[in-house]
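Undergrad: I'd like to go over a predicted model; first the sequence, then the structure.
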There are 2 protein chains.
Amino acid sequence: MAAMKKIIECVPNFSEGRNPENIEKIVAPFRGQKGVKLLDFQTDEDHNRMVVTVVGEPQALKAAVIEAMGCAIDLIDMRTHKGQHPRMGATDVVPFIPIKNIDMQAAVAFSKEVAKEVAQKHSLPIFLYEKSASRPERQNLANIRKGQFEGLGDKIEQPEWKPDFGPPKIHPSAGVTAIGARMPLVAYNVNLESSDIEIANEIAKKVRHISGGLRYCKGIGIELKDRGLVQVSMNMTDYTKTALYQAFELIKIEARRYGVNVIGSEIVGLVPMPALMDTAAYYLGLEDFSMEQVLEARIWE
Amino acid sequence: MAAMKKIIECVPNFSEGRNPENIEKIVAPFRGQKGVKLLDFQTDEDHNRMVVTVVGEPQALKAAVIEAMGCAIDLIDMRTHKGQHPRMGATDVVPFIPIKNIDMQAAVAFSKEVAKEVAQKHSLPIFLYEKSASRPERQNLANIRKGQFEGLGDKIEQPEWKPDFGPPKIHPSAGVTAIGARMPLVAYNVNLESSDIEIANEIAKKVRHISGGLRYCKGIGIELKDRGLVQVSMNMTDYTKTALYQAFELIKIEARRYGVNVIGSEIVGLVPMPALMDTAAYYLGLEDFSMEQVLEARIWE
């Protein structure tokens, strides 16, 4: 019960989702390390990709991430890699998410520290992305990754695509990696009592940022065929600015237009505690509520 | 980040709220102990009483509580104690609250272990209360404490008031102590846009258990004179069975009868995370939500 430990989450994506021995070797540096906790890892054979979720104290987490990236470089050859998901490196992308006793600015500084060290140690070109990006066009991962491994060799030689750290050419077998700090994503879906995908799509357009909706919300319509329902499937990209209840209430308002009921919602995967605390505080009209009043937050601060 | 630590909360009440040196000596056993964390202590001069809030792993917590009770016995003489709050011992009451990786049954067993040890060590009569009570009439602390320190000397000699542990007579200077396990209390108040205390009282009657309302809810009307408002002030005695949103929604329903708006609510002091998670899940209509999805809960499990 030490006081004020800094905690960062990391969700590295590796371009290996098929070979169990390699998967285990890449995950191993996150196991049984003091100050690091492996929460989850999911592999996808079609994507030939693995997503690891790990939390830890900054220095211990940095050491584990750099070690795992070394394993990925040793074990993955992008020249023979095939998979459906867009990818550009053995370690494709390494987002760091500030969780506790650390703000975004410090998480950005930390991500740059990791980027610098890993670039040096493994002669790997690194692009900083999201909140750590050195230029606006590098904020969005899709922009960096455009062309994928096969196209990055030429792209990286253009002056405007010079990597932020490491050599200005791709690693022959491991490609390039994007590293950066971002807010936690919350995967949040709202279910509609309708089987009409068009209605879900129209509502998604009204709630998502790109087509006029909430600033930190991405969304599409999805069919849940086994339930005979449709869903507005969202990524909430900054719950501290766009709250879950805002998306939920806006969808209810839009659904009225179609005479459709909202029958529930779901959170997929992990959600930071304050995202739901904020929702409870909104609906109860809580005055002067502070996260310091949450018993568990006090115990493990 | 060790796995599956058991965490118990303890909120001992000591009959000392005036002498700063004695207060510090009684609190000292909870400071800087491995496996124990002092969250708060509040003293009240009028009540001449102190409420300590501490969490810890069972064995470390037990040692600290027994040590603090020893200090209270050494420093407090109930024969000369005066204060407005009903009291019967130097350590008046010691509730244990299961917080994490421990259920109520185990918390009850733990409270009995502490009661037995402290009774032996300090020759102190102990009544088990709440969930640990050996008889129904001992569940309610007010029943045990009736007569207070001055009356307990005779009361304790009656066969039906024989203590559960320790000698069948009060400690000459330290009186008797009640020890038991209970659910966490949540102090939850709902504010009404009215200055009429009668309306708050009438609504409180409808929502509280004793007069026909919710099973795990106590409540009274209170005037907030500085704001010109009235409030339904509640203790939620088991949020796992009577949810905060139930009280809030019932109060809104009752308030309509008087044409009065509910303008907000407040949580006083600490609240367990699941109490608010449950509220968020209710209002969002969350399907299949599990506390395992809360990032912070996974980090510190």
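TA: Yep, it's here. Numbering: from 1, shown residues only, chains lettered A, B, ... in the order given.
Undergrad: what number of residues lie near A:Lys5?
TA: 16 (other Cβ atoms under 10 Å in any protein chain shown). In short, each C-beta sits where N, CA and C put it, glycine included.
Undergrad: do I have it right that it meets A:Ile102?
TA: No: between A:Lys5 and A:Ile102 there is no contact under Cβ atoms under 8 Å: 9.6 Å.
Undergrad: overlap of the contact sets of those two?
TA: Listed contacts common to A:Lys5 and A:Ile102 are nil; contacts here mean Cβ atoms under 8 Å, 6 or more residues apart in numbering or on different chains.
Undergrad: which helix or strand contains the closest residue to A:Leu75 other than its chain neighbours?
TA: Leaving aside its chain neighbours, A:Leu75 sits nearest to A:Asn22 (4.5 Å; criterion: Cβ to Cβ, 6 or more residues apart in numbering or on different chains). Taking DSSP states H and E as the criterion, A:Asn22 maps to helix A:20-27.
Undergrad: so for stretch A:218-235, mean pLDDT?
TA: If you average the pLDDT over stretch A:218-235, you get 94.
Undergrad: check stretch A:285-292 too.
TA: Here stretch A:285-292 scores 92 as its mean pLDDT.
Undergrad: first-to-last residue distance for it?
TA: Chord length of stretch A:285-292, first to last residue, is 18 Å (Cα to Cα, to the nearest Å).
Undergrad: next: stretch A:67-81.
TA: End-to-end for stretch A:67-81, by Cα to Cα: 21 Å.
Undergrad: please point out which parts of that stretch sit buried.
TA: Residues of stretch A:67-81 classed as buried by neighbour count (16 or more other Cβ atoms under 10 Å in any protein chain shown): A:67-73, A:75-76, A:78, A:81.
Undergrad: which one of those is nearest to B:Ala142?
TA: Checking the buried residues of stretch A:67-81 against B:Ala142 by Cβ to Cβ gives A:Ala68 as the nearest, at 59.0 Å.
Undergrad: once you drop chain neighbours, what's closest to the closest one?
TA: Per Cβ to Cβ, 6+ apart, closest to A:Ala68 is A:Pro29, 4.4 Å.
Undergrad: any idea how far chain B is from the residue lying farthest from the centre of chain A?
TA: Going by Cα atoms, centre = their mean, the residue of chain A most distant from its centre is A:Gly259, 34.8 Å out. According to Cβ to the nearest Cβ, to the nearest Å, A:Gly259 stands 18 Å off from chain B.
Undergrad: ok, now A:Ile144?
TA: A:Ile144 sits 26 Å away from chain B, going by Cβ to the nearest Cβ.
Undergrad: pull up the per-residue confidence for that residue.
TA: We have a pLDDT of 96 for A:Ile144.
Undergrad: measure it to A:Gly89 for me?
TA: Between A:Ile144 and A:Gly89 the computed distance is 10 Å (Cβ to Cβ, to the nearest Å).
Undergrad: need the helices for the stretch 101-250 of chain A, in chain order.
TA: A:104-122, A:141-145, A:148-155, A:197-207, A:244-257 (DSSP state H, counting those that start in this stretch).
Undergrad: turn these into JSON lines, columns for distance to B:Arg298 and mean neighbour count.
TA: Shown next, in JSON lines, are these (distance: least, Cβ to Cβ, whole Å; neighbours: other Cβ atoms under 10 Å in any protein chain shown):
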{"stretch": "helix A:104-122", "distance to B:Arg298": "19", "mean neighbour count": "19"}
{"stretch": "helix A:141-145", "distance to B:Arg298": "25", "mean neighbour count": "18"}
{"stretch": "helix A:148-155", "distance to B:Arg298": "33", "mean neighbour count": "16"}
{"stretch": "helix A:197-207", "distance to B:Arg298": "28", "mean neighbour count": "20"}
{"stretch": "helix A:244-257", "distance to B:Arg298": "19", "mean neighbour count": "19"}
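Undergrad: and of those, who's closest to A:Pro184?
TA: Nearest to A:Pro184, of all those, is helix A:104-122, at 11.0 Å by Cβ to Cβ.
Undergrad: what is that closest one packed up against?
TA: Where contact means 3 or more Cβ pairs under 8 Å, 6 or more residues apart in numbering or on different chains; DSSP states H and E, helix A:104-122 is packed against helix A:58-75, strand A:91-100, strand A:126-130, strand A:177-181.
Undergrad: report the strands that pair with the second one, each with its relative direction.
TA: Strand A:91-100 pairs in its sheet with strand A:7-10 (antiparallel), strand A:13-14 (antiparallel), strand A:177-181 (parallel), by DSSP bridges.
Undergrad: deepest-packed of those, please.
TA: Of the strands paired with strand A:91-100, the one with the most neighbours on average (mean count of other Cβ atoms under 10 Å in any protein chain shown) is strand A:177-181, at a mean of 28.
Undergrad: quick one: that one to strand A:126-130, angle?
TA: Compare the direction of strand A:177-181 with that of strand A:126-130 by axes from the mean of the first three to the mean of the last three Cα atoms, to 10 degrees and you get 40 degrees.
Undergrad: strand A:177-181 - what's its average pLDDT?
TA: Across strand A:177-181, pLDDT averages out at 98.
Undergrad: what's in contact with that strand?
TA: For strand A:177-181, contacts defined as Cβ under 8 Å, 6+ apart pick out A:69, A:88-98, A:104, A:107-108, A:110-111, A:114-115, A:118, A:124-133, A:141, A:144-145.
Undergrad: what separates A:Gly35 from B:Glu296, distance-wise?
TA: Between A:Gly35 and B:Glu296 the computed distance is 17 Å (Cβ to Cβ).
Undergrad: those two: which is more packed in?
TA: Just comparing A:Gly35 and B:Glu296: by other Cβ under 10 Å the higher neighbour count belongs to B:Glu296, 21 against 16.
Undergrad: so the more buried one touches A:Lys100, yeah?
TA: Yes: under the criterion of Cβ under 8 Å, B:Glu296 makes contact with A:Lys100 at 7.5 Å.
Undergrad: overlap of the contact sets of the two?
TA: What both B:Glu296 and A:Lys100 touch, as defined by Cβ under 8 Å, 6+ apart, is an empty set.
Undergrad: distance check, the residue farthest from the centre of chain A against B:Asp92.
TA: According to Cβ to Cβ, A:Gly259 and B:Asp92 sit 60 Å apart.
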